[in-house]
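J.: requesting a structural model of the entry that follows:
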Amino acid sequence: MIANAWHHRSDALSSIGTAIGIGGAILLGPHWRVLDPIAAVIVSFFIMKVSIRLLIPCVDELLEKSLPVEVENQIQETRTTPEGSVPCTFAPHHLRTRRIGSYCAIEVHVRMDGKIPLEEAHRTATEIENKLKEMFGRGTHVGIHVEPLK
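T.: Coordinates of the predicted model:
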């Protein structure tokens, strides 16, 4: 939809530029015929600028670029807050994020006390997963790898 809006906007602006170039060449006489090709060059640069602006986010999504640093920092803070509802987590690392359509994928390793029961480690990992899904949407893919503290 954004690309279509830019397409219509660029059509309108290129029509204005073309009208100025052709109109100026016709109304101002033969010495001003150069206005038409100048307008064409300006319009072509505008079209290239718009196409690059639209292409970059698409390429980033196809290449599964990481989420912005601010979002990754927010994820790190969510899991490491000591007064939060998620107990036993420590030292999140190997955070990998990417966008999948309108959803996110988050993969992270967390360290927990190696002496806690497996059930508790699983419950804690599930709490982390649910908290991240609350932040980024229920369709978010969250992968958590639990490691013992060393």
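J.: tell me the secondary structure at the residue positioned nearest the centre of the chain.
T.: By CA atoms, centre = their mean, the chain has its centre lying nearest to residue 67, at 5.8 Å. Here residue 67 is coil, with the state taken from DSSP: H, G, I helix; E, B strand; the rest coil.
J.: how about the contacts made by it?
T.: Neighbour list for residue 67: 97-99, 104 [criterion: CB atoms under 8 Å, 6 or more residues apart in numbering]. C-beta: built from backbone N, CA, C; applies to glycine.
J.: nearest to residue 33, of the residues you listed?
T.: Set against residue 33, the nearest of the contacts of residue 67 by CB to CB is residue 99 (49.3 Å).
J.: pretty sure the closest one sits against residue 68.
T.: No - shown here, residue 99 and residue 68 do not form a contact pair, counting by CB atoms under 8 Å, at 10.1 Å.
J.: what's around residue 142, how many residues?
T.: 19 (other CB atoms under 10 Å).
J.: relative to residue 36, how far out is it?
T.: According to CB to CB, to the nearest Å, residue 142 stands 57 Å off from residue 36.
J.: now residue 50
T.: Distance of residue 50 to residue 36, computed by CB to CB: 21 Å.
J.: any idea of the mean pLDDT for the lengthiest helix in the chain?
T.: Secondary structure of the chain per DSSP state H: the longest helix is helix 35-62. For helix 35-62, the per-residue pLDDT values average out at 84.
J.: residue 105 belongs to a strand, doesn't it?
T.: Yes - counting by three-state DSSP, residue 105 is located in a strand.
J.: ok, how many other residues are close to the nearest residue to it once chain neighbours are set aside?
T.: Take residue 105 and drop its neighbours on the chain: the residue closest to it by CB to CB, 6 or more residues apart in numbering is residue 141, 4.2 Å away. Close neighbours of residue 141, defined as other CB under 10 Å, add up to 15.
J.: same question for the one 3 residues further on.
T.: Under the neighbour criterion other CB under 10 Å, residue 144 is assigned a count of 20.
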